[in-house]
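Peer 1: Provide a 3D model corresponding to the input given below.
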Amino acid sequence: MRPYRASYYVCVAILLFVCVFEVFFAYAEDPATNPEKDSKKIHITSDRLVADNEAMSAEFIGNVVAIRETDVITADRLKIFYKKGVDKKENPAAGEEMIEKIVANGNVVIKFDDKVAMAQQAVYTAETGIIVLTGPNSKVTSGNNFISGEKITMYRSDDRMIVEGGKEKRVEAVFYSKDNNMK
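Peer 2: Residues are numbered from 1 along each chain as shown. Got it, this is the predicted structure:
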């Protein structure tokens, strides 16, 4: 493989991640109402990046941290799978539509708005806009309120979630009334 082709694929992988990061937080604030929000810098660090064009994926490995303004994703690994048949060279406007799914593994923490989501694994499916958190003690907190279970399915488009318990632990939720700082 020619050196410039390898660099091209690494750049495409990074561009894909930037688009994916936007998707994770698309429900936090509508860029149409605040054009500056969409143009803010995203800073991504990890120990390694492996871009595999044949497998149509890019994986950030080791101490992954992605920051956009106050939104932060941390994980041990973050892998982006992009769709076959969508070529960035042929369609430079293609961004989110290139993404099939994103899988974050190991000590996943997603901070957005006043919420923090924690799990061993987070899977985002671009076509449906659904984020699934899995692992023992997966949890979403907002202020003093929290809900936990082994599987939390977040439906981004209609701002709802389904929380499922496991064999050994049931769903747990703590909500405070507005008088006690409920957000």
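Peer 1: what sits up against stretch 158-176?
Peer 2: 27, 136-137, 140, 143-155, 182 (Cβ atoms under 8 Å, 6 or more residues apart in numbering). (Each C-beta comes from the backbone N, C-alpha and C, glycine too.)
Peer 1: Can you give me the buried ones in it?
Peer 2: Buried positions in stretch 158-176, judged by neighbour count with 16 or more other Cβ atoms under 10 Å: M161, V163.
Peer 1: State the distance spanning the first to the last residue of that stretch.
Peer 2: One end of stretch 158-176 to the other measures 23 Å (Cα to Cα, to the nearest Å).
Peer 1: Could you do stretch 126-135 as well?
Peer 2: Calculated as Cα to Cα, the first-to-last residue distance of stretch 126-135 is 21 Å.
Peer 1: Which positions within it qualify as buried?
Peer 2: A126, G129, I130, I131, V132, L133, T134, G135.
Peer 1: If we only consider the residues you listed, which is nearest to V109?
Peer 2: Closest to V109 out of these is L133 (10.6 Å), distances taken as Cβ to Cβ.
Peer 1: in the protein, which spans are helices?
Peer 2: Using DSSP state H, the helices assigned to the chain run over residues 3-24, 35-38.
Peer 1: Let me see the mean pLDDT of the last one.
Peer 2: For helix 35-38, mean pLDDT rounds to 47.
Peer 1: Also the longest one?
Peer 2: Along helix 3-24, the predicted confidence averages to a pLDDT of 49.
Peer 1: likewise stretch 62-82?
Peer 2: 89.
Peer 1: What's the end-to-end length of that stretch?
Peer 2: 21 Å.
Peer 1: Whichever of the contacts of stretch 158-176 end up buried, select them in ChimeraX.
Peer 2: The ChimeraX selection below is limited to those of the contacts of stretch 158-176 classed as buried (16+ other Cβ under 10 Å):
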select :27,140,145,146,147,148,149,150,151,152,153,154
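Peer 1: Keep only those of the contacts of stretch 158-176 that are in strands.
Peer 2: If you go by DSSP state E, those have 136-137, 140, 145-155 in strands.
Peer 1: Compile those into a markdown table and extend it with columns for pLDDT and distance to N53.
Peer 2: As requested, the ones in strands among the contacts of stretch 158-176 are arranged in a markdown table below (pLDDT from 0 to 100; distance: Cβ to Cβ, whole Å):
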| residue | pLDDT | distance to N53 |
| --- | --- | --- |
| P136 | 92 | 35 |
| N137 | 89 | 37 |
| V140 | 96 | 35 |
| N145 | 96 | 44 |
| F146 | 96 | 41 |
| I147 | 97 | 40 |
| S148 | 97 | 39 |
| G149 | 97 | 37 |
| E150 | 97 | 35 |
| K151 | 97 | 32 |
| I152 | 97 | 33 |
| T153 | 97 | 31 |
| M154 | 90 | 30 |
| Y155 | 88 | 32 |
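Peer 1: JSON lines for those, including distance to R77?
Peer 2: Conversion of these to JSON lines gives the following (distance: Cβ to Cβ, whole Å):
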{"residue": "P136", "distance to R77": "18"}
{"residue": "N137", "distance to R77": "19"}
{"residue": "V140", "distance to R77": "21"}
{"residue": "N145", "distance to R77": "29"}
{"residue": "F146", "distance to R77": "25"}
{"residue": "I147", "distance to R77": "25"}
{"residue": "S148", "distance to R77": "23"}
{"residue": "G149", "distance to R77": "23"}
{"residue": "E150", "distance to R77": "20"}
{"residue": "K151", "distance to R77": "20"}
{"residue": "I152", "distance to R77": "20"}
{"residue": "T153", "distance to R77": "21"}
{"residue": "M154", "distance to R77": "20"}
{"residue": "Y155", "distance to R77": "25"}
